[in-house]
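Asker: Provided below are the primary sequence and the corresponding predicted coordinates.
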Amino acid sequence: MMLIMTNPSSYPTGPTPYPTAPTPYRTVPPPDPTGHPYHRLDRATGRHRWWRAWVGTLLLAVTYFVLILVLFGVTHGLGTALGAPELPDGGVDLGPLGNTAMELVSLAIALPLVLLATLWPARRRAGTVTSVTGRLRTGWLGRCLLAGLLPLLLLTVTAFLLPGDSGESDTWVGWRSFLAALAVLAVLVPLQAAAEEYVFRGWLTQAVGAFVRSPWFAVLPQAVLFAAAHGWGTRWGFLGLLVNGLVAGLLTIRTGGLEAAIALHVLNNLLAFGASAAVVDGLSSDETAADAPWPLALAAIATDLLYAAIVLWLARRHKPQRLSAPAMPPTPYPEYPGPARTA
């Protein structure tokens, strides 16, 4: 019997050429395992890129402008079909309540755009622009609404007691017209106020917070833009809006979400629009908070500070979540045992 001898050196004697474990491949840095305050949530996912906030803001502005043009076209076509007169700016006159409703809708359409921008290009859950929990905390929102009732009722009474323009109407509009206006305002004002909060205290605060740690630096740009968005009326009116933006922004970070800012804005606008709807041609006025005289602006600032003090007191008692939940570290690959050896 002939035995065929082989050279043992022809077999590989070094490490096996097969990998002992899958090679991990990561395209983005891992999520930060620590909790983040509201303005730093863009850093919590591990997907932060310097360009995301800039591209998202640009897309948000362009898309909003396009939708405004579409809304203007639809409104103009509808008004023309109904035989509505034309306004000096080229729009159609749908009456005081109709014009107010269209103005509120034109602001409310920004809300879904912010949610979409949070999904992409920010690549975060849409709820993370609402709060650190990723959702609207209805219980905390209810507490903030109750906290704002007394300060804003006092502001409304103060506004009535302050001397106003002698040309303003003070004729009661009648129950039928007043209740119809209240029904429309009750639906649209919360959407309009929430949309402004999602844009300024939400998207813009988090966009700036992606680059800076200080909450003061995160809330200052949005407060200036918020005041400027209302137009230039009086120096005191601009100051009042600036303080309102700062207070709402800091409350958002301190309480971990937009609920406190939304409650303040909704109550303020409901009372302001409701008071205007109570008198003849009240909704036809084009004045805003930017046009406030110094006594009313100072009263509004005092109202914001009183509201902030009440909300902070409630926050110490009820302790709403201020930081996002820590991200779980990635699961490690199991150790690969390698090929089984045979005798």
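Answerer: Cool, got the structure. Numbering: from 1, shown residues only.

Asker: which residue packs closest to the spatially most central residue of the chain, ignoring adjacent ones?
Answerer: Nearest to the mean C-alpha position of the chain, counting by CA atoms, centre = their mean, stands residue 198 at 1.4 Å. Leaving aside its chain neighbours, residue 198 sits nearest to residue 114 (4.4 Å; criterion: CB to CB, 6 or more residues apart in numbering). Heads up, the C-betas are built off the backbone N, CA and C, glycines and all.

Asker: same question, residue 109
Answerer: Leaving out its chain neighbours, the residue that sits closest to residue 109 by CB to CB, 6+ apart is residue 67, at 5.3 Å.

Asker: Who are the contact partners of the residue nearest to the centre of the chain?
Answerer: If you count contacts by CB atoms under 8 Å, 6 or more residues apart in numbering, residue 198 has them with 110, 111, 114, 115, 129, 130, 258.

Asker: One more pass at 7 Å, please.
Answerer: Residues counted as contacts of residue 198 (CB atoms under 7 Å, 6 or more residues apart in numbering) are 111, 114, 129, 258.

Asker: any idea how far it is from residue 155?
Answerer: Going from residue 198 to residue 155 by CB to CB, to the nearest Å gives 24 Å.

Asker: Please identify the buried residues of whichever helix or strand the residue nearest to residue 198 is part of?
Answerer: If you go by DSSP states H and E, residue 114 is part of helix 110-119. Going by neighbour count (16 or more other CB atoms under 10 Å), the buried part of helix 110-119 is 110, 111, 113, 114, 115, 116, 117, 118.

Asker: Now pLDDT and distance to residue 45 too, for those, in JSON lines please.
Answerer: Shown next, in JSON lines, are the buried residues of helix 110-119 (pLDDT from 0 to 100; distance: CB to CB, whole Å):
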{"residue": "110", "pLDDT": "98", "distance to residue 45": "23"}
{"residue": "111", "pLDDT": "98", "distance to residue 45": "22"}
{"residue": "113", "pLDDT": "98", "distance to residue 45": "20"}
{"residue": "114", "pLDDT": "98", "distance to residue 45": "17"}
{"residue": "115", "pLDDT": "98", "distance to residue 45": "16"}
{"residue": "116", "pLDDT": "97", "distance to residue 45": "17"}
{"residue": "117", "pLDDT": "97", "distance to residue 45": "15"}
{"residue": "118", "pLDDT": "96", "distance to residue 45": "11"}
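
Asker: Quick check on residue 86: phi, psi?
Answerer: With angles defined as degrees, to the nearest 10, residue 86 sits at phi -100, psi 140.

Asker: wait, doesn't it sit right on residue 92?
Answerer: Yes. Between residue 86 and residue 92 there is a contact under CB atoms under 7 Å: 5.9 Å.

Asker: out of those two, which sits in the busier spot?
Answerer: residue 92 (21 against 12; other CB atoms under 10 Å).

Asker: Tell me how far residue 57 lies from residue 323.
Answerer: Residue 57 sits 25 Å away from residue 323, taking CB to CB as the criterion.

Asker: hmm, back to that, ok, so what distance separates the residue nearest to the centre of the chain from residue 239?
Answerer: 24 Å.

Asker: Residue 275 now?
Answerer: Distance of residue 275 to residue 239, given as CB to CB: 22 Å.

Asker: The two: which is more packed in?
Answerer: Neighbours per residue, other CB under 10 Å: of residue 275 and residue 239, the larger number sits with residue 239, 17 against 13.

Asker: okay, the contacts of residue 198 in a markdown table with distance to residue 122 next?
Answerer: What follows is these, written out as a markdown table (distance: CB to CB, whole Å):
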| residue | distance to residue 122 |
| --- | --- |
| 111 | 16 |
| 114 | 10 |
| 129 | 8 |
| 258 | 16 |
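
Asker: Return the closest of those residues with respect to residue 228.
Answerer: residue 114 (18.7 Å; CB to CB).

Asker: just to revisit the earlier point, from the contacts of residue 198, which single one is nearest residue 268?
Answerer: residue 258 (14.9 Å).

Asker: burial measure for that closest one, as a count.
Answerer: Counted with other CB under 10 Å, residues neighbouring residue 258 total 26.

Asker: give me every residue that touches the closest residue to it other than its chain neighbours.
Answerer: Excluding the flanking residues, the one nearest residue 258 by CB to CB, 6+ apart is residue 197, at 5.2 Å. Residue 197 makes contacts with 258, 261, 262, 265, as judged by CB under 7 Å, 6+ apart.

Asker: Most widely separated two among the residues you listed?
Answerer: In the contacts of residue 197, two members sit farther apart than any others by CB to CB. They are 258 and 265, at 9.5 Å.

Asker: what ranges do the helices span in the stretch 201-343 of the chain?
Answerer: Secondary structure of the stretch 201-343 of the chain by DSSP state H, counting those that start in this stretch: the helices cover 205-209, 215-229, 235-255, 259-277, 294-318.

Asker: Tell me where the model's unsure across the stretch 101-250 of the chain.
Answerer: Within the stretch 101-250 of the chain, the stretches with pLDDT under 70 are 165-167.
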